[in-house]
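Participant: Sequence first, predicted model second:
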Amino acid sequence: MNARIANLRRLREDQNGLGIVEIMITLVILAIVLTLITGMFMSTSRVVATGTSINTSTKAASLGLNELSKALRFAASNPVSGQAVDDPAFVTAKSNLLTVISYIDVNPASPKPTKLAFTIDGQGRLIEVRYNSYAVSSGFWAFQSTAASTRILTGALVPPTGSEPPLFTYLDSNNAPLTMPGTGLTAAQLPTVAAVQVYFKLKSDDASSGNPVAFQSVIGLPNLGINRTGQ
């Protein structure tokens, strides 16, 4: 009888709590589970961050391209008093600098042109610089030499590499690229520009970890009266 009671007491003691082996196994399993959960969380965070960065890049590129497109679609030549032929709409046409005369954001009651320059600033961003016009006589306009405003249109652009086109490519009426001299299109070439191809890549912010997004668009110039083939 005493032996049976002793055996029951030992059995009860053996069942109290967890042994060291059981605790170690539990900790190992818990560590594995936590590692898996952490890995899943980090992967999900990277996917979300990538998607957000791409979305931000797309919005930034769209806004910049939309402003440039508006200016070009309302581009117009500029009549000069005593001159039989108007000055061309394009004042300067280079691979990374475009200056154009445009009737953008005009007052319908008193429309007047604006000179706009699109270029890349020292931080690699696409910017718009506006120059107001003033009347020199009835129906004839000149432009201030001092900028009225400067706007940042995009974040830092990624410089083109390899066979990628430059920021601006100027097309003739056959949609063929005009040969670009080192100093930009010549005075004879400027009136022949029928469209502008715009290409750029940018990051969502200026951080090197951003996800580049490429944008390419051909913008027509309907006010210039140049018929384009193969549109």
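Facilitator: Good, I have the coordinates.

Participant: those helices in this structure, which residues are they?
Facilitator: For the chain, applying DSSP state H gives helices covering 2-14, 20-73.

Participant: Lowest average pLDDT across the ones you listed?
Facilitator: With a mean of 52, helix 2-14 has the lowest mean pLDDT of the helices of the chain.

Participant: What is the burial count for the residue nearest to Leu153 when sequence neighbours are not counted?
Facilitator: Closest residue to Leu153 apart from its sequence neighbours, by CB to CB, 6 or more residues apart in numbering: Gly64 at 3.7 Å. Backbone N, C-alpha and C define where each C-beta goes, glycine included. A count of nearby residues for Gly64, using other CB atoms under 10 Å, gives 25.

Participant: just Leu157 next, same as before
Facilitator: When counting by other CB under 10 Å, one arrives at 20 neighbours for Leu157.

Participant: pLDDT below threshold where in this protein?
Facilitator: Low-confidence segments of the chain (pLDDT under 70): 1-19, 21-23, 26, 28, 33, 37-58, 60-61, 204-211, 230-231.

Participant: and the longest strand for it?
Facilitator: Using DSSP state E, we find that the single longest strand of the chain is strand 125-137.

Participant: helices and strands around that strand, which ones?
Facilitator: helix 20-73, strand 114-120, strand 140-143, strand 149-158 (3 or more CB pairs under 8 Å, 6 or more residues apart in numbering; DSSP states H and E).

Participant: rerun at 6 Å
Facilitator: strand 114-120, strand 140-143, strand 149-158 (3 or more CB pairs under 6 Å, 6 or more residues apart in numbering; DSSP states H and E).

Participant: Deepest in the core, which of these is it.
Facilitator: Mean neighbour count (mean count of other CB atoms under 10 Å) peaks for strand 114-120 among those, with a mean of 20.

Participant: Quick one: list the elements packing against it.
Facilitator: In this structure, strand 114-120 makes packing contacts with strand 97-102, strand 125-137, judged by 3+ CB pairs under 6 Å, 6+ apart.
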